[in-house]
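# Structure, please.
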Amino acid sequence: MLQRPELNLVKLADGAADNWRFLSDNLFPGKGLEVLDYFHASEHLNEAMEAAYGKGSALAIAKYEEYKSLLKNKMGGIEKVINTLKYHRRKNSGNKKLATELDYFRNNRHRMQYAQALKSNYLIGSGVTEATCKTLVTQRMKCAGMRWNIKGGQGVLTARSLIQSDLFDNGWGVLAKTYIEKIKLPENVIPFRKK
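Just a heads-up that it's a prediction; the model follows:
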């Protein structure tokens with residue numbers, strides 16, 4: 001963000017509290033759009049509808065589909081979800097599952113502006129990021145017996161990301177201008193061939 005201020009920052013993750021503590025508090029605090037993975041939110045919505053209408057009931061399934069679409073496609077859809085859950089919570093005050101899910105949606109409402117995110121052509125699902133973590137990082141960095149320090153690991157990941165994104169030539173041009181360091185050979189190096 002500091003080097004490319006024209007780019008929009010989107011912080012996208014599932015509902016894990018530690019993810020959001022890091023993204024909200026440490027990664028450019030107060031900047032960028034936070035988006036909670038839509039599919040993760042949908043799982044919570046399903047739980048809420050089952051708590052309101054009965055697990056596996058036809059009405060729970062129908063209401064889940066209706067509100068899932070509202071949540072994703074309508075501006076202010078999260079408010080409709082919260083209002084519906086508040087109504088059911090008042091009707092079923094002893095339903096702890098419903099209370100838990102209502103709190104979840106209330107606490108994350110600012111991260112569930114899916115229609116606005118889609119209108120801005122932002123991703124609302126973290127699957128692409130999770131797949132990238134697997135193919136970019138895990139498959140290369142977590143092989144048997146490997147150990148990395150930060151500089152070595154970052155170097156490998158930078159090159160690998162440029163290769164996988166088909167941006168190697170452009171990226172190398174930037175890196176070659178920015179990260180040039182003169183190498184001084186130790187005095188005890190023996191050349192392979194004589195000059």
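# ok now the helix or strand harbouring residue 132, how far from the chain's centre?
Under the criterion of DSSP states H and E, residue 132 resides in helix 127-132. The chain centroid and the centroid of helix 127-132 are separated by 8 Å under CA atoms, centre = their mean, to the nearest Å.
# just stretch 119-128 next, same as before
9 Å.
# Just the buried positions in that stretch, please.
Of all the residues in stretch 119-128, those buried under the rule 16 or more other CB atoms under 10 Å are 124-126. For every residue, glycine as well, the C-beta is placed using N, CA and C.
# same deal with stretch 69-76?
For stretch 69-76, by 16+ other CB under 10 Å, it's 70-72.
# So which of those residues are in helices?
Among the buried residues of stretch 69-76, the residues falling in helices (DSSP state H) are 70-72.
# And residue 149, how far from residue 142?
Plainly put, residue 149 is 15 Å away from residue 142 if you go by CB to CB, to the nearest Å.
# How about residue 99?
Noted for residue 99: a distance of 40 Å to residue 142, by CB to CB.
# So for the two, which sits in the more crowded spot?
Using other CB atoms under 10 Å as the criterion, residue 99 and residue 142 rank with residue 99 on top: 15 against 10.
# which secondary structure element contains that one?
helix 96-108.
# helices or strands up against the next helix or strand after that helix?
Using DSSP H and E, the helix or strand that follows helix 96-108 in sequence is helix 114-119. Under the contact criterion of 3 or more CB pairs under 8 Å, 6 or more residues apart in numbering; DSSP states H and E, helix 114-119 touches strand 33-36, helix 58-73, helix 77-91.
# residue contacts, the nearest residue to residue 12 once chain neighbours are set aside?
In space, not counting the residues next to it along the chain, residue 12 is nearest to residue 35; the distance is 4.6 Å by CB to CB, 6 or more residues apart in numbering. Applying CB atoms under 8 Å, 6 or more residues apart in numbering, we find residue 35 in contact with 10-12, 111-114, 117, 122-124.
# same thing but at 10 Å, please
Neighbour list for residue 35: 10-13, 41, 110-114, 116-117, 122-126 [criterion: CB atoms under 10 Å, 6 or more residues apart in numbering].
# got it, and residue 162?
With contacts defined as CB under 10 Å, 6+ apart, residue 162 is in contact with 168-172, 174-175.
# try residue 74
67, 80-81, 114-115.
# Looking at those residues, spot the one nearest residue 133.
Closest approach between these and residue 133, by CB to CB: residue 114, at 22.5 Å.
# Do you know the pLDDT at the closest one?
Per-residue confidence (pLDDT) for residue 114: 97.
# That one against residue 77, yeah?
Yes - Residue 114 is within contact range of residue 77, at 6.8 Å (criterion: CB atoms under 10 Å).
# Quickly list what's touching both of those two.
Contact criterion CB under 10 Å, 6+ apart; residues shared by residue 114 and residue 77: 70-71.
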